[in-house]
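> sequence plus the predicted model coming up.
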Amino acid sequence: MAGKDTRCGVVALAGPPNAGKSTLLNRLVGSKVSIVTHKVQTTRAQIRGIGLDGDCQIVFVDTPGIFAPRRRLERAMVDAAWAGVGDADVSVVLVDAARGADGDVDRIVKGQSAAGRQAVLALNKVDLVRREVLLAQADRLNQTGVFSDIFMISALDGDGVKDLQAHLTSRMPNGPWLYPEDQIADLPLRMLAAEVTREKAFLNLHDELPYALTVETEAWQDFKDGSVRIDQTLTVARDSQKGIVLGKGGQTIKRIRSQAQVDLEADLQRSVHLFIRVKVRSNWAEDPEQYRRWGLRFDV
Ligand SMILES: Nc1nc2c(ncn2[C@@H]2O[C@H](COP(=O)(O)OP(=O)(O)OP(=O)(O)O)[C@@H](O)[C@H]2O)c(=O)[nH]1
Ligand SMILES: [Mg+2]
């Protein structure tokens, strides 16, 4: 749509790890674009989802959580999050109201303040918190002066999300749409498919393992009967990790594979033959190519 009456803008969703940014992105877009788990640091790169509200197209940018990074990949993730905030027309800072404002929230407030930027605060997970606690948190965060507006929402059940969305729509500038009307994501399908498998790996593996792995789609073959064959590599850093990912008699990787297949078939609306090879590569997190592929900066 490219008439003079259209509006279009970019909204960044930022916040500490696990605040519910990806859950909110999926709700705003109305479809699952970004993977969600109960573990921290699930999202590793900027993931764009495209939402429509009447004549207004909003490009929502889901970002990795902002925390105190140590490893290279973590630094690149936090860098990508701040870059998302810097490039947006409006940024929304999500805070997990059940966890409250902590060091990560303080860091974000300081960053916004240093850049002279205002953000919209979304206190999320209101379904888990008593009203008095919520109001006290809103009051404390309001006093920082970096929030132009405050919304109380549940990204999970949708409570308050309509009001937030209406506010964001009202703040988008006039301009032509950036994407075709029916587009909801801008990540290539093979990368979305790799993310689905990474989500299932996160859910089936524990401790440090989810953070020691990466998933790539190596091949994608469409068949005449409408089905697709997807070949992926799940890379871990050590042999011992490979053993755990495979599980006794291969049962863990089988579970990851079949869960990913179910989601992929639902997303793609066709039957999927999914093959996952588990590979060991000690230095994958030091390979610049990994970063380039996901739009991350290597040296930050
Ligand atoms: N009860 C409740 N849980 C929520 C809500 N929003 C998100 N969650 C849960 O919080 C967890 C983290 O959600 P994500 O959307 O992955 O959080 P994130 O901020 O994207 O996390 P990272 O990508 O790791 O930074 C998941 O288990 C969600 O189901 C909410 O409004 N209420
Ligand atoms: Mg996320």
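Yep, it's here. Ligands and ions are numbered 1, 2, ... in the order given.

> residue contacts, residue 171?
9, 89-90 (CB atoms under 8 Å, 6 or more residues apart in numbering). (Each C-beta comes from the backbone N, C-alpha and C, glycine too.)

> out of those, which is nearest to ligand 2?
For those, the minimum distance to ligand 2 (CB to the ion) is 18.8 Å, reached by residue 90.

> now do residue 299 against ligand 2, distance only.
24 Å (CB to the ion, to the nearest Å).

> which SS state does that residue fall under?
Following DSSP: H, G, I helix; E, B strand; the rest coil, we place residue 299 in the coil state.

> neighbours of it, how many?
The tally of other residues near residue 299 (other CB atoms under 10 Å) stands at 9.

> ok, residue 207 next?
Counted with other CB under 10 Å, residue 207 comes out at 8.

> ditto for residue 133
Residue 133 has 14 nearby residues by other CB under 10 Å.

> hmm, it is touching residue 97, no?
Yes: in this structure, residue 133 is within contact of residue 97 by CB atoms under 8 Å, at 7.4 Å.

> pretty sure residue 51 sits against residue 27.
No: Residue 51 lies out of contact with residue 27 (CB under 8 Å); the separation is 9.4 Å.

> could the contacts of residue 171 be laid out in CSV, adding neighbour count?
Converted to CSV, these look like this (neighbours: other CB atoms under 10 Å):
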residue, neighbour count
9, 19
89, 15
90, 19
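
> and these, which is closest to ligand 1?
Proximity of the contacts of residue 171 to ligand 1 (CB to the nearest ligand atom) peaks at residue 90, which lies at 17.7 Å.

> contacting residues for the closest one?
By CB under 8 Å, 6+ apart, the neighbours of residue 90 are 9-12, 119-120, 168, 171-172.

> who wins for neighbours among the residues you listed?
Counting by other CB under 10 Å, top hit in the contacts of residue 90: residue 12 with 26 neighbours.

> which element is that residue on?
strand 7-14 (DSSP states H and E).

> again, but for residue 140
Residue-wise, residue 140 maps onto helix 131-142 under DSSP H and E.

> repeat that for residue 144.
Counting by DSSP H and E, residue 144 is found in no helix or strand.

> ok, it touching residue 109?
Yes: Residue 144 lies in contact with residue 109 (CB under 8 Å); the separation is 4.9 Å.

> okay, those two: which has more neighbours?
It is residue 109, of residue 144 and residue 109, that has more neighbours when counted by other CB under 10 Å, with 20 against 16.

> which residues in the stretch 51-200 of the chain form strands?
56-62, 90-96, 119-124, 147-152 (DSSP state E, counting those that start in this stretch).

> partners of the second one in the sheet?
In this case it means strand 90-96. strand 7-14 (parallel), strand 119-124 (parallel) (DSSP bridges).

> as JSON lines, those with distance to ligand 1 and mean pLDDT would be great.
JSON lines is the format used below for the strands paired with strand 90-96 (distance: least, CB to the nearest ligand atom, whole Å; pLDDT from 0 to 100):
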{"stretch": "strand 7-14", "distance to ligand 1": "8", "mean pLDDT": "97"}
{"stretch": "strand 119-124", "distance to ligand 1": "5", "mean pLDDT": "98"}
